[in-house]
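In: Got a sequence here, can you model it:
(2 chains)
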Amino acid sequence: MKTSFKWLAAAGLVMGLAATAAVPSAHAESVLRVAMTAGDIPDVTGQPDQGFEGYRFVGYSIYDALINWDLTKSDREATLKPGLATKWSIDPADTKRWIFELRKGITFHDGCPFNADTVVWNVKRLTDNTVPQFVAKQFAAMRTRTVNIAGVEKIDDGKVAIIMKEPDSLFYIQMSFWMMVSNCQFEKAGNDNGKYALMPSGTGPYKFDKFVPRERLELVRNADYWDTPRIPKHDRLVLIPMPEATTRAAALLAGQVDLVEAPSPDTVPRLKQSGMMVLTNAYPHNWAYQLNFVEGPFKDKRVRQAANYALNRADMKEMLGGFMIEGYATVPPNSAWYGKPVKYEYDPKKATALLKQAGCYPCDVTFAISTSGSGQMQPLPMNELVKAQLEEAGFKVKLEVMDWNALLDVTFKGREKFPQYHAVNVSRATQDPFSGIFRFAMKSQNAPAGGNWGWYYNAEVEDLIKKIYTTFDETQRDKMIVKVHEIMNDDAAMIWVAHDVNPRALSPKLKGFVQAQSWFQDLTPIVVEDKTN
Amino acid sequence: MWLYVARRILYAVPIALGVTAFCFALVYLAPGNPLQLLLPPDASAEVIELIKKTYGFDKPIPVQYAIWLGRALTGDLGVSIATNRPVTGEVLGALSNTVILSVAAVILAFSLAFTLGLLAAWFNGRWVDRLVTGFSIVGVSVPNYWLGMVLIIVFAVNMNWLPATGMGSKGSESFRLTDWEQLRHAILPVVTMSMIPLGIIMRTTRSAVSEVLNHDFVQTLRAKGLGEFAVLRHAVRNALPAVLAVMGLQFGYLMGGSILIETIFTWPGTGFLLNKAILTRDIPVLQGTILVLALIFVATNLAVDLIQTAVDPRIKRA
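Out: Take a look at the predicted model:
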């Protein structure tokens, strides 16, 4: 009796201690804590790494680009809006000169003024390997994204011209990915990117405060931000890398973070039950298979069509707990470039008939897929379902499973190096026409030179894309982009499966978040209400 | 004794060298390429060459190994491809976080396992023995990543007693064992991590002690009229070297940091670091971490051998 009482007392003491410790200390400061899917803090020195998650949380927080994304609306696909440039246009006298008029009176977090010289310095930083501000990693990342810059020129303090190698009507979109870094701060760091990483300075809505490598990045409100509606409504933003989905959900439920990216569908009912808000929205994302147009059965258009007809995307959606949009084309239906593509709706009989016509029945195909990866959603169960559905119609599917990095290697080197694969499953961002559509169709992009993994070719598409690059009238140009998109559907250029809806879960104490239809999100309007209320 | 120590240390050198060569080669056997992390999937050949050169990947692999080994001897393990930070700092930082977990887990596992194992051996075949043996089998066979998740669900999510992840609100740099607010973060991972060593040490203790108890000399001790407690003391003394050896091995494993446990708890130790480095093919980090861990393993084994020698003079053959 006595002993058991002692044990009880001890247990009570421990619990009491735990309870005291759990009471939050009074914070004058409101803090927004975000669990990212990344395994590490994205690069803070300008061009972020860790994919678009790096841009979303670090890039557009610390920095601005000449052109920013308008992320204030949830009912339409996000569009571009003036950033550090107020206006951009092609030089009427020279279709190779894009002219940017710069915003006046902007200063970096370190007090350094933003002007034409800064822009010239920044463009050189990422295009010219002889300048002191050159950083190999950042250079490489941008060099491949934007290949077309021949040079940069200051016109006056408030105006710069960026000169193209080839006329490029879509170039300005690229400038939304170029973060403007403070030249003064970089020089203060002795032109050493490693030192600069400890004191980065941009013009964005948040200032760098501190970071613990691999664990957390802390940013604080920039009360003097030029875009006044976007001055953060909380004092501090803490970004925590948390690659494991279950851990993210647990951390949210345990009150250790306030917003988590991509909770896995099976945790969603529990999150909702605990009062968390689970938000989803369409965004420019494409989960599909790029096909081999040189080796194997997908050379035949009928086989490609059969594969598209064989898929029951509604089943896939059900499997994912509703967290996807059925994919029938390269860009999601809400995109300005969607048009009226041929829609291969579920018709297994037609699929079987097409396979028989093509003389490929049963039709052996091998897919290269990954176990995980940026934007890959739930690749294993999804691929298993695709396999089951295709086999129902008469395919025999072999899935070659590899880790994300190995799949990227296959994707990058192309079908020439990996003729044994008839399709690769790499999801893509589709927010600009080049990286979302064209690079999978252009001959000049045939892998390993670019993103056309399986060497798709269509002369009409080729012609249209050439015209698009020299058409500076946006309406005209967009019409042609729609046409390219439609032709690719007609060709059944891919096997389309899904568009992600990017679920994220928020603690009920967060108010004011608007989920934009974009890879990027604006956290600044979020108000963190006091826990104790 | 000293000759024995010197010889053991000398043996450790070729083992360590072999380990370095092995892990260097191993990393290159895996498919994928470290440059893909830096480059978009559609980087041009010219850009790839430039980056290869910047990071020294353009040289033949044996040359890369020689350069790396030469630098490693001076304590310089290169620079992380992903973060540009020196690998030595990354590894040591992660190591200190893993030490917190593994030392605590070993102490917890050893003290509990030794007591229970002793009880089981003493009450050989009785219900106490069966209970303890059953417990140890559960400890060894329950997958610890599963246990970790269950503990998170029970103690962090449902009861809200303990935090689910991380090393506290200020991160590992200001982690103090004396600060309860931060120490709480270590409880669940330590308990999870101690499960396997607990089971193994318990079983070893039980079998070693019960084996000794069956020796003739124990009968002699009893015949001499020694009390049961004194008999047990003799038995423990004889069983200890075997238990210590197992404990040392377990400690070595734990120092490697459990990739699964550290990932589940987002504990920024060596396992977490390795996981990240594998996924991103961050070769310098991978090589540096494996090297440091392998050396720790070699050193732990050496230390255990030496301690065993001290405890059990029969082992000293020199």
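In: where in the chain is pLDDT low?
Out: Since no chain was named, I'll use chain A. For chain A, the stretches with pLDDT under 70 are A:1-27, A:143-145, A:531-533.
In: That was the other one, I meant chain B.
Out: Flagging of chain B using pLDDT under 70 yields the residue ranges B:1, B:30-45, B:257, B:315-318.
In: try 50 this time
Out: B:318 (pLDDT under 50).
In: so where do the helices sit in it?
Out: Shown for chain B, the helices assigned by DSSP state H span residues B:2-29, B:35-38, B:45-55, B:61-73, B:87-122, B:127-141, B:144-151, B:180-213, B:216-223, B:228-255, B:259-264, B:270-280, B:283-311.
In: tell me which strands and helices the fifth one is in contact with?
Out: Helices and strands in packing contact with helix B:87-122 are listed as helix B:127-141, helix B:180-213, helix B:228-255, helix B:259-264, helix B:270-280, helix B:283-311; criterion 3 or more C-beta pairs under 8 Å, 6 or more residues apart in numbering or on different chains; DSSP states H and E. Using the backbone N, CA and C atoms, a C-beta is placed for each residue, glycine as well.
In: at 7 Å what do you get?
Out: Here helix B:87-122 touches helix B:127-141, helix B:180-213, helix B:228-255, helix B:270-280, helix B:283-311, going by 3 or more C-beta pairs under 7 Å, 6 or more residues apart in numbering or on different chains; DSSP states H and E.
In: Just the buried residues of it, please?
Out: Judged by neighbour count using 16 or more other C-beta atoms under 10 Å in any protein chain shown, the buried positions of helix B:87-122 are B:87-88, B:90-95, B:97-102, B:104-106, B:108-110, B:112-114, B:116-122.
In: Next, the angle helix B:228-255 makes with it.
Out: Relative orientation of helix B:87-122 with respect to helix B:228-255: 150 degrees, computed using axes from the mean of the first three to the mean of the last three C-alpha atoms, to 10 degrees.
In: One more: the last one?
Out: Angle of helix B:283-311 versus helix B:228-255, following the same axes, to 10 degrees, is 160 degrees.
In: So helix B:283-311, near chain A or not?
Out: No - using C-beta under 7 Å from any C-beta of the partner chain, we find that helix B:283-311 stays clear of chain A, coming within 10.4 Å at best.
In: and the angle for that helix with helix B:270-280?
Out: Orientation note: helix B:283-311 sits at an angle of 150 degrees relative to helix B:270-280 (the same axes, to 10 degrees).
In: just the third one next, same as before
Out: Angular relation of helix B:45-55 and helix B:270-280 on a 0 to 180 degree scale: 150 degrees, by the same axes, to 10 degrees.
In: Let me know the distance separating B:K276 from chain A.
Out: In this view, B:K276 and chain A are 4 Å apart by C-beta to the nearest C-beta, to the nearest Å.
In: OK, contacts around that residue?
Out: Each residue near B:K276 by C-beta atoms under 7 Å, 6 or more residues apart in numbering or on different chains is listed here: A:G39, A:D40.
In: B:V79 against B:P86, yeah?
Out: Yes - in this structure, B:V79 is within contact of B:P86 by C-beta atoms under 7 Å, at 5.7 Å.
In: ok so, going back, would a markdown table of the helices of chain B with distance to A:T371 be doable?
Out: Below are the helices of chain B laid out as a markdown table (distance: least, C-beta to C-beta, whole Å):
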| stretch | distance to A:T371 |
| --- | --- |
| helix B:2-29 | 18 |
| helix B:35-38 | 16 |
| helix B:45-55 | 25 |
| helix B:61-73 | 27 |
| helix B:87-122 | 24 |
| helix B:127-141 | 25 |
| helix B:144-151 | 16 |
| helix B:180-213 | 24 |
| helix B:216-223 | 55 |
| helix B:228-255 | 25 |
| helix B:259-264 | 14 |
| helix B:270-280 | 10 |
| helix B:283-311 | 18 |
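In: which one of these has the most crowded surroundings?
Out: Among the helices of chain B, helix B:270-280 has the highest mean neighbour count (mean count of other C-beta atoms under 10 Å in any protein chain shown), at a mean of 25.
In: With just CA atoms, put it into CSV.
Out: In CSV, the C-alpha atoms belonging to helix B:270-280 read as follows (Å, rounded to 0.1, in the frame of the first residue of the first chain):
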residue,chain,number,x,y,z
THR,B,270,23.6,11.8,-37.9
GLY,B,271,20.8,9.5,-39.1
PHE,B,272,18.8,12.6,-40.2
LEU,B,273,21.9,13.9,-41.9
LEU,B,274,22.5,10.6,-43.7
ASN,B,275,19.0,10.4,-44.8
LYS,B,276,19.1,13.8,-46.3
ALA,B,277,22.5,13.2,-47.9
ILE,B,278,21.4,10.0,-49.5
LEU,B,279,18.3,11.5,-51.0
THR,B,280,20.1,14.4,-52.4
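In: got the angle for it vs helix B:180-213?
Out: Using the same axes, to 10 degrees: helix B:270-280 against helix B:180-213 is 100 degrees.
In: Please name the residues that touch the closest residue to A:K356 other than its chain neighbours.
Out: Among residues not flanking A:K356 along the chain, A:G394 sits closest, at 7.6 Å (C-beta to C-beta, 6 or more residues apart in numbering or on different chains). Contacts were defined as C-beta under 7 Å, 6+ apart; by that measure A:G394 touches A:T352, A:L355, A:Y361, A:P362, A:C363.
In: can you tell me the helix or strand for the first one?
Out: Read it as A:T352. helix A:348-357 (DSSP states H and E).
In: Now do that helix: distance to the chain's middle.
Out: 36 Å (C-alpha atoms, centre = their mean, to the nearest Å).
In: And for stretch A:331-343?
Out: Centre-to-centre, stretch A:331-343 and its host chain are 19 Å apart (C-alpha atoms, centre = their mean).
In: Can you check the distance spanned by it, start to finish?
Out: 13 Å (C-alpha to C-alpha, to the nearest Å).
In: Can you tell me which residues in the stretch 151-300 of chain A are near chain B?
Out: A:193-194, A:212-216, A:242-244, A:246-247, A:250-251, A:253-254, A:256.
In: What's the PyMOL syntax to select whichever of the residues you listed are buried?
Out: Command for PyMOL, covering only those of these found buried under the criterion 16+ other C-beta under 10 Å:
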select buried, chain A and resi 193+212+213+214+215+216+242+243+244+246+247+250+251+253+254+256
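In: Which ones among the residues of the stretch 151-300 of chain A next to chain B lie within helices?
Out: With helices defined by DSSP H, the entries of those inside them are A:N193, A:G194, A:T246, A:T247, A:A250, A:A251, A:L253.
In: you'd agree the fifth one is up against B:N158?
Out: To tie it back to what came earlier, the one meant is A:A250. No - counting by C-beta under 7 Å, A:A250 stays clear of B:N158, with 10.4 Å between them.
In: For the stretch 351-500 of chain A, which residue gets nearest to chain B?
Out: At 3.6 Å from chain B, A:N405 is the closest residue in the stretch 351-500 of chain A, using C-beta to the nearest C-beta.
In: what about that residue, neighbour count?
Out: Look at A:N405: counted by other C-beta atoms under 10 Å in any protein chain shown, it has 20 neighbours.
In: Can you name the next helix or strand after the one helix or strand it maps to?
Out: Element membership of A:N405 [criterion: DSSP H and E] is helix A:404-413. Using DSSP H and E, the next helix or strand after helix A:404-413 towards the C-terminus is strand A:423-424.
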